[in-house]
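Q: the following block contains a protein sequence and its predicted model.
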Amino acid sequence: MDDCCSKKGSELARLAARRDQRRVLIIVLIINAMMFLFEFGGGLIAGSSALMADSVDMLGDAFVYALSLFALSRGPRWEAGAALAKGFIILGFGIAVLAELAIKIIHGVPPSSSLMLEVGSVALVANLSCLALLWRFRTANVNMSSTFECSRNDVASNVGVLVAAALVGLFASPWPDVIVGAAIAAIFLRSAVKVLRSAWPVWHQSASPKRPGIARDV
């Protein structure tokens, strides 16, 4: 009977943890969707490709959190599959940032550094809030771990945007934006490799069907 109660208590604790994860994912999903609209609009007004790129990253994160919600409670295969999708999304953003850098090198015009600082500061506060919410779930499973990885990248990107804005204002040059953008791209690509490496073995193992025994005539 004690063993039964222990198992029941463990199951209730597991379900409670899942509900906590779902609630946090919904909150960070809403934050990222709203910040995409705010930051993209600010990027258009300021003429800042860094802000617009960061806002598109916010939109991508909203999709990432939606994937995490979909995979939650669906087992290791779904969670690993969602983590793989998130890894490819991060990889895609890294490549997009590199493409943006090439365009800026060719046609670079310094953006409005003051507006970059204002909008970037709001984005940083939003992403730090998301990171704080996700912190206790960062090692819960491969799905939540990859979600935390995305949020941590966002904070690094925001800091990079603020540094770029300060240097653009100081030197009146687009080159600080280019250098910081290259660093952000490196973070995206490194994170993508890390997420894909951790998720692929889990997805592969859970996707392998168990072969039933073959009956033989005697």
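A: Yep, it's here.

Q: once you drop chain neighbours, what's closest to F70?
A: Leaving out its chain neighbours, the residue that sits closest to F70 by CB to CB, 6 or more residues apart in numbering is A82, at 6.7 Å. C-betas here are computed from N, CA, C, even on glycine.

Q: my guess is the one you found contacts S68. True?
A: Yes: the criterion here is CB atoms under 8 Å, and A82 meets it with S68 at 5.8 Å.

Q: next, work out how far apart S112 and G47 are.
A: The spacing between S112 and G47, counted by CB to CB, to the nearest Å, is 6 Å.

Q: quick one: contacts for A165?
A: 48, 50, 111, 113-114, 116-117, 120 (CB atoms under 8 Å, 6 or more residues apart in numbering).

Q: lowest pLDDT pick from those residues?
A: The lowest pLDDT within those belongs to A50, with 76.

Q: show the contacting residues for it.
A: So A50 contacts 43, 111, 116, 160-161, 164-165, 177, 180-181 (CB under 8 Å, 6+ apart).

Q: tell me how far it lies from T139.
A: The spacing between A50 and T139, counted by CB to CB, is 32 Å.

Q: still on that earlier bit, relative to L69, how far out is the residue nearest to F70?
A: 9 Å.

Q: between those two, which one's more packed in?
A: A82 (25 against 17; other CB atoms under 10 Å).
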